[in-house]
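*Asks:* kindly generate the corresponding structure for this input.
(chains A and B, ligands or ions: 2)
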Amino acid sequence: MTINPNFVLRELAGEWLLVSIEEGEEIKRLLYLNEIGKDIYLHLKDGLEGAALLDALYQEYDADPQILKADVEAFLLTLRDYRILQD
Amino acid sequence: MTMMDALLNRAAQRNTPAAGTFELTARCNLSCRMCYIHNLSCDKELSKDELSTAQWIDIMDQIQTAGTLPLLLTGGEPLIRPDFPEIYQEAVKRGFLLSINTNGTLLSEEHFKLFARQKPLRTNISIYGMCPETYESLCGNGAAFEKVISNIRHLRELGVTVKINFSSTSYNHKDIPKVLEFAREVGSIVHFVSYMFPPTRAAKPCEEPFKRYTPLEAAEAGIDWIRLSNSPEQFAAECRKHATMPPGRIDECLYEGKEGARCRAGRCSYWITYKGDLLPCGMIPAIHASVPELGFRAAWDQVGGQFRSISMPKGCLSCPDYERCEVCPAIAWAENEDFSQVPKYICEKNHHYHTRLAALGAEGSDL
Ligand code: SF4
Ligand code: SF4
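*Replies:* Ligands and ions are numbered 1, 2, ... in the order given. From the prediction side, this is the model:
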């Protein structure tokens, strides 16, 4: 699993966005992230995945493990859909 | 409201400098009579004062840290700078959401490749008329017309989004239907204005002064625009809306109850001139601070603070038409060089515009 380097994480008025700077891509291709989305993205950039990623998030967020796991999986699908996350 | 609008509104409430404009140059290859800044004869002088490539890139780093995301590159004519591709690419790399204002005449193969590869959010191209004669009389360059038209077509073929800016004047009024036809053909939206700011920032007045619309003509041009750009049913509906609109109605009032500007200038948006002066908006040279001297953050704090303390003219605040009038501090300043004076030109234009549409709406037929 690799993170596409052609996205820049930016902040606008307290919200997080991933902006595509890929050649041939529409720069307007934006993905809005909430706080936890931003943290997941940063962990992925640091090379965390699978159980290590979930562990790190359990430490940071006081959330139900099952719900957290499902949310993370859904978010990873979105990142794949945007080609932010690639195999 | 889009997510972006909502975030910009939030930024405005926090006074975060979220949306910027870089006026990369005041120079231009055209010489439009109504231009608020440019005069061909001064180009040599103007280029001396322009910020360098390195200075713009340094400012990009500062505004990124300060929280800017949408960034408009404008001029004068920004493509006149040989370093435009470099500036553009540096801005892309930093993840700014880029838009460009251009007259569309100087697009080279290099620009086309650049925009096709890394598409701007929007390319705003000014069309000044729909024939060489109009371009000659308004911009002093008849040959520019064919160039603009073919360049817009080419951009659209490359999949670049183009918005057409049309400044309606007595010189190009007759071309309105053709502008619309062309916009439909290339699939572009048109931003129409019939109010021209007096050239408060021009280095030197034009030799042949610009004949501005009278306020009534400007209002009529606005009405013509609505008539021509909508179906007869839509136009009739718009007229009826005015006929039944109580005074004080407004579609989008951002900061209700405040006495200051109703736009985002100085709250979350700003303009940096070719010399590096930060202004609340490009039309307000009276409030400024130098970014190269103070740094962006200090310049923003100073200019934003000063601008937010400006009140609209008292006569406007108590005017029953205020909320449906386009008056703003930039207009007050441009018309009278005084933020506290009611701009009479706008009063007349506004009054005629609404009463005429309302009368058409009340008649209800034969629109
Ligand atoms: S021209 Fe007027 S409305 Fe537009 S940004 Fe400037 S002050 Fe605001
Ligand atoms: S410019 Fe004139 S019409 Fe507009 S709000 Fe001010 S006083 Fe009223």
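
*Asks:* who are the packing partners of the helix ranked longest in chain A?
*Replies:* Counting by DSSP state H, the longest helix found in chain A is helix A:65-81. Under the contact criterion of 3 or more Cβ pairs under 8 Å, 6 or more residues apart in numbering or on different chains; DSSP states H and E, helix A:65-81 touches helix A:35-45, helix A:50-60, strand A:85-86. C-beta here means a position set from N, CA and C on the backbone, and glycine is covered the same way.

*Asks:* same thing but at 7 Å, please
*Replies:* helix A:35-45, helix A:50-60 (3 or more Cβ pairs under 7 Å, 6 or more residues apart in numbering or on different chains; DSSP states H and E).

*Asks:* where do the helices of the stretch 101-250 of chain B begin and end?
*Replies:* B:109-117, B:132-139, B:144-157, B:176-186, B:215-229, B:232-244 (DSSP state H, counting those that start in this stretch).

*Asks:* about what we covered before: to chain B, which of the helices and strands packed on helix A:65-81 lies closest?
*Replies:* Closest to chain B of the helices and strands packed on helix A:65-81, according to Cβ to the nearest Cβ: helix A:35-45, at 13.6 Å.

*Asks:* do that closest one and chain B meet at all?
*Replies:* No. Helix A:35-45 lies out of reach of chain B by Cβ under 7 Å from any Cβ of the partner chain, never closer than 13.6 Å.

*Asks:* so which bits of that helix are buried?
*Replies:* A:36-41, A:43-44 (16 or more other Cβ atoms under 10 Å in any protein chain shown).

*Asks:* and that helix, C-alpha only, in CSV?
*Replies:* As requested, the backbone C-alpha atoms of helix A:35-45 are provided in CSV (Å, rounded to 0.1, in the frame of the first residue of the first chain):
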residue,chain,number,x,y,z
GLU,A,35,-9.9,15.4,11.9
ILE,A,36,-9.7,11.6,12.1
GLY,A,37,-9.5,11.4,8.3
LYS,A,38,-6.5,13.7,8.5
ASP,A,39,-4.9,11.6,11.2
ILE,A,40,-5.4,8.4,9.3
TYR,A,41,-3.8,10.0,6.2
LEU,A,42,-0.8,11.2,8.2
HIS,A,43,-0.4,7.7,9.8
LEU,A,44,-0.5,6.1,6.3
LYS,A,45,2.1,8.6,5.1
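
*Asks:* what residues does the stretch 51-200 of chain B put near chain A?
*Replies:* B:67, B:69, B:92-95, B:97-98, B:117-121.

*Asks:* shaky segments in the stretch 251-367 of chain B?
*Replies:* Scanning the stretch 251-367 of chain B for pLDDT under 70 picks out the ranges B:251-258, B:365-367.

*Asks:* how many neighbours does A:Leu54 have?
*Replies:* Neighbours of A:Leu54 under the rule other Cβ atoms under 10 Å in any protein chain shown: 18.

*Asks:* how near is it to ligand 2?
*Replies:* 59 Å (Cβ to the nearest ligand atom, to the nearest Å).

*Asks:* hmm, back to that, let's have the buried residues of helix A:35-45 in a markdown table, adding pLDDT and distance to ligand 2.
*Replies:* Below are the buried residues of helix A:35-45 laid out as a markdown table (pLDDT from 0 to 100; distance: Cβ to the nearest ligand atom, whole Å):
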| residue | pLDDT | distance to ligand 2 |
| --- | --- | --- |
| A:Ile36 | 92 | 46 |
| A:Gly37 | 94 | 44 |
| A:Lys38 | 95 | 43 |
| A:Asp39 | 95 | 48 |
| A:Ile40 | 96 | 50 |
| A:Tyr41 | 96 | 47 |
| A:His43 | 96 | 53 |
| A:Leu44 | 95 | 53 |
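
*Asks:* any chance of the residues you listed in JSON lines, plus distance to A:Val8?
*Replies:* What follows is the buried residues of helix A:35-45, written out as JSON lines (distance: Cβ to Cβ, whole Å):
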{"residue": "A:Ile36", "distance to A:Val8": "19"}
{"residue": "A:Gly37", "distance to A:Val8": "15"}
{"residue": "A:Lys38", "distance to A:Val8": "13"}
{"residue": "A:Asp39", "distance to A:Val8": "17"}
{"residue": "A:Ile40", "distance to A:Val8": "17"}
{"residue": "A:Tyr41", "distance to A:Val8": "11"}
{"residue": "A:His43", "distance to A:Val8": "17"}
{"residue": "A:Leu44", "distance to A:Val8": "15"}
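
*Asks:* of those residues, closest to B:Lys147?
*Replies:* Set against B:Lys147, the nearest of these by Cβ to Cβ is A:Tyr41 (44.1 Å).

*Asks:* just checking, that closest one touches A:Leu33?
*Replies:* Yes. With contact defined as Cβ atoms under 7 Å, A:Tyr41 and A:Leu33 form a contacting pair (6.5 Å).

*Asks:* give me the neighbour count for the residue in chain A positioned nearest to ligand 2.
*Replies:* Going by Cβ to the nearest ligand atom, ligand 2 is nearest to A:Ala13 of chain A, at 29.8 Å. For A:Ala13, the neighbour count with other Cβ under 10 Å is 18.

*Asks:* mutual contacts of A:Tyr41 and A:Leu33, please.
*Replies:* A:Leu18 (Cβ atoms under 7 Å, 6 or more residues apart in numbering or on different chains).

*Asks:* for the residue of the stretch 51-200 of chain B found nearest chain A, grab the count of nearby residues.
*Replies:* Closest contact between the stretch 51-200 of chain B and chain A, by Cβ to the nearest Cβ, is at B:Gly95 (3.1 Å). Using other Cβ under 10 Å, B:Gly95 has 21 neighbouring residues.
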